[in-house]
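In: Give the three-dimensional model of this entry:
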Amino acid sequence: MKKIFCSIFILFLAIVSYAQIQEPVKFKTELKNVSATEVEIVFTASIEQGWHVYSTDLGDGGPISATFNTDKLVGAEVVGKLRPVGKEVASFDKLFEMNVRYFEHSAQFVQKLKLTGGDYQIVGYLEYGACNDENCLPPTQVEFSFTGKGQNASASASNADAKTDTASVDAVVIGGADAPTSVTVSDASDLWKPVIAELNAMGETTSQEDMSWIYIFITGFVGGLLALFTPCVWPIIPMTVSFFLKRSKDRKKGIRDAWTYGAAIVVIYVALGLAITLIFGANALNALSTNAIFNILFCLMLIVFAASFFGAFEITLPSSWSTAVDSKAEATSGLISIFLMAFTLSLVSFSCTGPIIGFLLVQVSTTGNVIAPAIGMLGFALALALPFTLFALFPSWLKSMPKSGGWMNVIKVTLGFLELAFALKFLSVADLAYGWRILDRETFLALWIVIFALLGFYLLGKIKFPHDDDDNKVSVPRFFLALFSLAFAVYMVPGLWGAPLKAVSAFAPPMQTQDFNLYNDEVHAQFNDYDMGMAYARQQGKPVMLDFTGYGCVNCRKMELAVWTDSKVRDLINNDYVLITLYVDDKTKLPSPIKVQENGVERTLRTVGDKWSYLQRVKFGANAQPFYVLIDNEGAPLNKSYSYDEDIPAYVDFLQKGLDNYKKKQ
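Out: This next block holds a predicted model:
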C-alpha cells in the first residue's frame with residue numbers, strides 16, 4: 001500500500017511540476033510515394049479547441065509561419081514550397097496590421113521532393129507557430145529523418161520515432177537539466193538549473209479567470225436599462241402591469257402573470273441571441289472581430305441607427321406584424337396569450353430597442369465568444385423584464401413613475417452619439433485591413449473629440465434635434481452628463497500628440513499609426529541575452545525580471561501597452577530590476593547548432609529563439625508567452641510567474657513582492 005501511495009504521490013508531483021507546459025498541437029509525420037522519382041513528406045496536426053496553427057508565407061513582422069527546413073539532403077532535392085492543405089481561416093490581425101491565415105482543429109502541410117537516384121537521406125524539421133486568445137507557443141519544431149533508395153522509391157524511417165508524434169514529446173515534456181553547451185559563463189550550470197519545484201512551492205498556477213462572460217452579461221444588462229427609458233418602452237410599463245393586475249380578481253394570479261410576462265421577454269431575446277449563433281456559426285462569429293467586410297457593414301449599421309436616434313427617420317417593422325400578433329394574443333388565453341403579448345412588445349418597441357440590440361450584438365460578437373450573443377441578450381432581457389415584475393409586486397410604485405416627456409428623446413439622441421462613436425471603432429478595423437490610412441490614431445481621436453464635445457453641447461441645450469422640446473432648462477443630471485462628456489473630450493486631446501490614453505486604448509487604432517508622437521516614456525529591455533543580463537545583475541546587485549516574449553505574440557504587445565506604461569509598473573521595472581527580454585521566435589542563427597537532451601530525446605537548437613525557448617521550458621517548466629518571472633541574480637525565483645492579465649494592481653503586487661523577497665535574502 002505504501003508503494004502504491006508513493007507512486008501516486010510522485011506522479012502527482014510530476015504532473016504539477018509540468019502544469020505550465022502546454023501541449024495543444026500534436027503532429028504526425030510520414031513519407032508518401034508519389035512516383036518512382038517523387039515523394040512527399042506529410043505533416044498532419046491535431047489542434048486543441050481554442051488554439052490555431054499559422055499557415056505558410058505570412059510575411060515579415062507577423063506570426064510564426066510554417067516552414068520546411070533540412071539539415072541534411074542527399075539523393076533528393078526540394079520541389080516547390082511547403083503546401084498547406086485543408087480549410088484555412090483568413091482574417092486581418094489588428095495588432096500586426098496584416099492579413100494572417102491559420103488552421104483550427106486540424107492542419108496538414110505537404111512538401112514534395114524529387115529523388116535524384118541512388119540512396120537518399122532526408123533529415124530536417126518543420127517549424128510552426130501556434131496561439132490561442134491568451135498565449136502563443138514559441139516556434140516549435142517537428143523533426144524527421146528518412147532514408148531509402150531512389151530507384152524503386154522504397155523508403156524507411158531511420159528512426160522508429162520519426163513517424164510518431166515527435167513534436168508533442170520533444171517540445172512539451174522536459175526531463176533533464178542539461179544546459180546548452182555554448183554557454184561560456186563559469187556558473188552557467190546554476191543559472192540554467194530548473195526551479196520548477198520552487199515555483200510550485202510559491203503557488204505557481206497558470207489558471208486565469210475568464211471575465212468575458214460577466215463583461216458580456218453586464219453590457220447586455222446596461223443596454224436593457226437604457227432601452228427601458230426610451231419612448232417605445234417606458235409608457236408601456238404601467239399599462240401592461242395594470243392590465244395583469246386587473247385581468248384577474250386574484251392578485252396572486254396577476255403577479256404570476258406579470259412574472260410569466262417577464263420570463264417570456266427573457267426567452268424571446270435569448271432565443272434571438274441563440275439564433276444569431278446558429279445562423280452565423282461559431283467560426284463566423286470568431287472571425288467578426290477582424291473581418292474587414294463585416295466591420296464595414298457594422299459601421300454602416302451603427303451610423304444608420306444613430307441617424308434614426310437623431311430623428312432623421314424611424315426604423316419600424318411592418319405594422320401588420322404587430323397587429324397580427326396582438327390579435328392572436330386576444331384570441332388565446334393562458335401562457336400562450338402572455339407569450340404573444342411579450343412578443344408584441346418586442347415588435348412595437350423595435351424602433352427604440354433595435355439600434356441598442358444591433359450595437360450589442362455587434363459588440364459581443366466581436367469578442368470571439370460563440371455564445372456571447374445569447375449571454376448578451378440574457379442580460380438585456382433581464383433588465384427589460386425587471387420593471388414589469390417589480391411593479392407587479394409593488395403596484396404602489398406605479399404612481400411615482402416619472403411621466404413620459406422630452407427627457408426620453410434626450411436619452412435617444414445621447415445613444416445616437418454613442419452609436420456614432422462606436423461606428424468609428426469598426427471602421428478602423430476595415431481601414432487597417434485595406435491600408436487606406438484614412439483613420440489613423442490621431443484622426444480617430446479627433447473625430448471622437450468632436451463627437452463627445454458635440455454631445456456635451458447638446459446636453460447643455462446648445463444643439464437641438466427634430467424631436468427635442470423647446471424647453472431650455474437643463475436638469476442637474478443632464479448637466480453632469482454634459483460635464484463628463486466635455487471632460488472626456490478634453491482628456492483625449494493630448495492623444496493627438498501621442499499620449500497613451502488608457503481609457504480608449506481598446507477602441508483607438510494602434511500607436512504605430514500615429515504620425516506625430518511626442519510620447520517616449522516607455523519600458524525597454526536592458527538586455528536581450530540571458531547570460532549577459534545575469535552577469536550585469538550580479539555586478540549591480542539587482543534582481544532580474546525575465547520577459548519571455550515573441551515578435552509574433554499579440555498579448556505580449558497588449559501587456560506592454562496597457563500595463564507597462566503605468567507609472568508604478570514602469571518605475572519598478574526601470575529602477576529596481578534588470579529587465580531581460582528573450583524573444584523565443586528570434587530567427588538569428590546560433591554560431592553552431594547545439595544538441596540538448598529532453599526526457600531522453602535529443603533536440604537541436606539552431607536559433608537564438610530556440611535557445612531561449614529551451615531555457616523557459618527546462619528552467620521554468622513553461623512554454624507559452626507572455627511569461628514573466630522574477631529571479632535573483634543567481635537564478636532562484638522570487639515570486640510565482642505572471643502571464644497575460646491586464647490587472648495593473650496585480651502586476652504591481654507581483655513586482656513588489658518579488659522585490660521584497662529579494663531584499664529579505666540580502
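
In: the bottom helix or strand of the protein by mean pLDDT?
Out: Among the helices and strands of the chain, helix 166-170 carries the lowest confidence by mean pLDDT, DSSP states H and E, at a mean of 35.

In: On the three-state scheme, residue 111 is what?
Out: Put simply, residue 111 is strand when judged by DSSP: H, G, I helix; E, B strand; the rest coil.

In: do residue 622 as well
Out: Of the three states, residue 622 takes coil under three-state DSSP.

In: Read off the pLDDT value for the residue positioned nearest the centre of the chain.
Out: Of all residues in the chain, the one closest to the mean position by CA atoms, centre = their mean is residue 133, 4.4 Å from it. For residue 133, the model assigns a pLDDT of 73.

In: from memory it sits against residue 50, does it?
Out: Yes. Between residue 133 and residue 50 there is a contact at 6.9 Å, judged by CB atoms under 8 Å. For the C-beta atoms, the positions are set from N, CA and C on the backbone; glycine is no exception.

In: Please identify the buried residues of the strand or helix carrying residue 606?
Out: For residue 606, the element it lies in under DSSP states H and E is strand 601-607. Going by neighbour count (16 or more other CB atoms under 10 Å), the buried part of strand 601-607 is 603, 605, 606, 607.

In: so what does it touch, helix or strand wise?
Out: Contacts defined by 3 or more CB pairs under 8 Å, 6 or more residues apart in numbering; DSSP states H and E place strand 601-607 against strand 140-149, helix 166-170, strand 589-598, helix 608-620.

In: Of these, which stretch is the most buried?
Out: helix 608-620 (a mean of 24; mean count of other CB atoms under 10 Å).

In: That one: what's the following helix or strand?
Out: strand 627-631.

In: Average pLDDT for that next one, rounded please.
Out: Strand 627-631 shows a mean pLDDT of 94.

In: and the angle for it with helix 608-620?
Out: Angular relation of strand 627-631 and helix 608-620 on a 0 to 180 degree scale: 60 degrees, by axes from the mean of the first three to the mean of the last three CA atoms, to 10 degrees.

In: then strand 627-631 to PDB, C-alphas only?
Out: Output in PDB follows, covering the C-alpha atoms of strand 627-631 (Å, rounded to 0.1, in the frame of the first residue of the first chain):
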ATOM      1  CA  PHE A 627       5.600  34.800 -19.400                       C
ATOM      2  CA  TYR A 628       7.100  37.000 -16.700                       C
ATOM      3  CA  VAL A 629       9.300  35.600 -13.900                       C
ATOM      4  CA  LEU A 630      11.300  37.300 -11.200                       C
ATOM      5  CA  ILE A 631      14.600  35.800 -10.100                       C
END
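
In: Can you tell me which helices and strands the helix or strand following it packs against?
Out: Helices and strands here follow DSSP H and E; after strand 627-631, the next one along the chain is helix 648-665. In this structure, helix 648-665 packs against helix 567-576, strand 627-631, with contacts taken as 3+ CB pairs under 8 Å, 6+ apart.

In: immediately after the first one, which helix or strand?
Out: To tie it back to what came earlier, the one meant is helix 567-576. Using DSSP H and E, the next helix or strand after helix 567-576 towards the C-terminus is strand 578-583.

In: who does that next one touch, helix- and strand-wise?
Out: Using 3+ CB pairs under 8 Å, 6+ apart as the contact criterion, the elements in contact with strand 578-583 are helix 530-540, strand 544-549, helix 608-620.

In: Save those as JSON lines, and put in distance to residue 437 too.
Out: Listed next are those as JSON lines, based on distance: least, CB to CB, whole Å:
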{"stretch": "helix 530-540", "distance to residue 437": "38"}
{"stretch": "strand 544-549", "distance to residue 437": "28"}
{"stretch": "helix 608-620", "distance to residue 437": "32"}
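
In: For residue 390, find the nearest of these.
Out: strand 544-549 (51.1 Å; CB to CB).

In: Which neighbours in the sheet does the closest one have, and how are they oriented?
Out: strand 578-583 (parallel), strand 627-631 (antiparallel) (DSSP bridges).

In: how about those strands in a markdown table, adding distance to residue 129 and mean neighbour count?
Out: Output for these, formatted as a markdown table (distance: least, CB to CB, whole Å; neighbours: other CB atoms under 10 Å):
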| stretch | distance to residue 129 | mean neighbour count |
| --- | --- | --- |
| strand 578-583 | 13 | 22 |
| strand 627-631 | 16 | 24 |
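
In: Could I get those strands in TSV, plus columns for distance to residue 646?
Out: As requested, the strands paired with strand 544-549 are exported to TSV (distance: least, CB to CB, whole Å):
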stretch	distance to residue 646
strand 578-583	19
strand 627-631	13
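
In: of these, which approaches residue 408 most closely?
Out: Closest to residue 408 of the strands paired with strand 544-549 is strand 627-631 (CB to CB; 49.9 Å).
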